[in-house]
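*Asks:* Okay, predicted coordinates and the sequence, questions at the end:
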Amino acid sequence: MGLKRFKPITNGLRHAVLTDFAEITKKDPEKSLLMPLKSTGGRNSYGRITCRWRGGGHKRMYRLVDFRRQRVDEVSTVLAIEYDPNRTARIALIQFPDGEKSYILAPLEIKVGDKLMSSFEKDIEIRPGNCMPLSKIPLGSAIHNIEMKPGKGGQLVRSAGTSAQIMAREGEVAFIRMPSSEVRKLSVDCRATLGQIGNVEHDSQSIGKAGRNRWKGRRGHVRGVVMNPHDHPHGGGEGKSPQGNPHPVSRWGQPTKGFKTRKKRKYSDKFIVRRRGAK
């Protein structure tokens, strides 16, 4: 696993820094774990654009990743590490003794042939890829794919190269430091997977050309100052002109670029011990 650079034989390759996919051991996905994925182009069920600058892109199939780790107290074997076009992390194909296969997020140290387990109450080995409640994970351990509610499945820390850390436990509450440095309270009955997620060089990539973003379904983001006045509050003016507002705003007049939109009294405030960026 690493990065590769190219000879500048084209402008698109001159600054490109891409992953070498060295950790991938299987080219074709498991057909039984695929689902069709329809591209919306940023449109909702009424056909109206609700997320701008989306459209096009390569066709994809969705991989059914098991974020719940539902089969407990059974030893599974890692068959392959695969590429997933729908996420930054790699996924691991595992097989259970009865032949059933499943996808999980691939931790950094995982290899083909490793034995993994998931448990609710049973004491299992502390090793990357094993899933267990926060009450049984040693303090200071790196974890990922963390549940917010017991049994709901992992929702936190699922991106490439990320990991959270268990800081402390008090009674029925565990204190988790998130990758953003936020410290959050979770129930000790919530489960998490040990280890850091793989593909840690993802943030070091340089796409090299705009066309690579188009392959991902991302269209160019047009600035408001170059639009007409009826398209954006920053638009209009003779020649190249500043945006002119006392504070930068969105197309619909909402202040932006640093303006806080989080509710003053939100239900989840009681779970946040230390906010990200706090000193």
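*Replies:* Yep, that arrived. What you see is a predicted model; the values in this text were computed from it and never measured. Residues are numbered from 1 along each chain as shown.
*Asks:* Now do the residue located most distally from the centre of the chain, the pLDDT please.
*Replies:* In the chain, the residue that sits farthest from the middle, by Cα atoms, centre = their mean, is E238; the gap is 42.7 Å. Per-residue pLDDT puts E238 at 92.
*Asks:* next one: stretch 132-146 to chain centre, how far?
*Replies:* Relative to the chain's own centre, stretch 132-146 is displaced by 19 Å; criterion: Cα atoms, centre = their mean, to the nearest Å.
*Asks:* what about this structure, any weak spots by pLDDT?
*Replies:* 1 (pLDDT under 70).
*Asks:* pull the longest helix from it.
*Replies:* What stands out as the longest helix in the chain, according to DSSP state H, is helix 210-215.
*Asks:* buried residues in that one?
*Replies:* N213 (16 or more other Cβ atoms under 10 Å). C-beta here means a position set from N, CA and C on the backbone, and glycine is covered the same way.
*Asks:* cool, and stretch 145-165?
*Replies:* Buried residues in stretch 145-165 (16+ other Cβ under 10 Å): 145-147, 154, 156-158, 160-165.
*Asks:* Export those to CSV and append columns for distance to K115.
*Replies:* Converted to CSV, these look like this (distance: Cβ to Cβ, whole Å):
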residue, distance to K115
N145, 18
I146, 22
E147, 23
G154, 20
L156, 26
V157, 23
R158, 23
A160, 24
G161, 24
T162, 24
S163, 21
A164, 24
Q165, 25
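*Asks:* Those in strands, which ones?
*Replies:* I146, E147, G154, L156, A164, Q165 (DSSP state E).
*Asks:* With distance to V200 as new columns, can those residues be given to me in CSV?
*Replies:* As requested, those are arranged in CSV below (distance: Cβ to Cβ, whole Å):
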residue, distance to V200
I146, 18
E147, 23
G154, 19
L156, 18
A164, 15
Q165, 16
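*Asks:* so which of these comes closest to E172?
*Replies:* E147 (14.3 Å; Cβ to Cβ).
*Asks:* Which strand residues bridge the closest one?
*Replies:* G154 (DSSP bridges).
*Asks:* who's in contact with S118?
*Replies:* R69, Q70, R71, V72, D73, E74, N130, C131, M132, R191 (Cβ atoms under 8 Å, 6 or more residues apart in numbering).
*Asks:* run the last query once more with 6 Å
*Replies:* S118 makes contact with R69, V72, C131 under the criterion Cβ atoms under 6 Å, 6 or more residues apart in numbering.
*Asks:* Give me the neighbour count for C131.
*Replies:* Other residues within reach of C131, judged by other Cβ atoms under 10 Å, total 24.
*Asks:* List the beta-bridge partners for it.
*Replies:* Under the criterion used (DSSP bridges), C131 bridges to S118, T193.
*Asks:* how much space between it and G56?
*Replies:* For C131, the distance to G56 (Cβ to Cβ, to the nearest Å) stands at 37 Å.
*Asks:* Please apply the same query to I24.
*Replies:* For I24 relative to G56 (Cβ to Cβ), the value is 25 Å.
*Asks:* about what we covered before: following the chain onward from the longest helix of the chain, which element is next?
*Replies:* strand 272-274 (DSSP states H and E).
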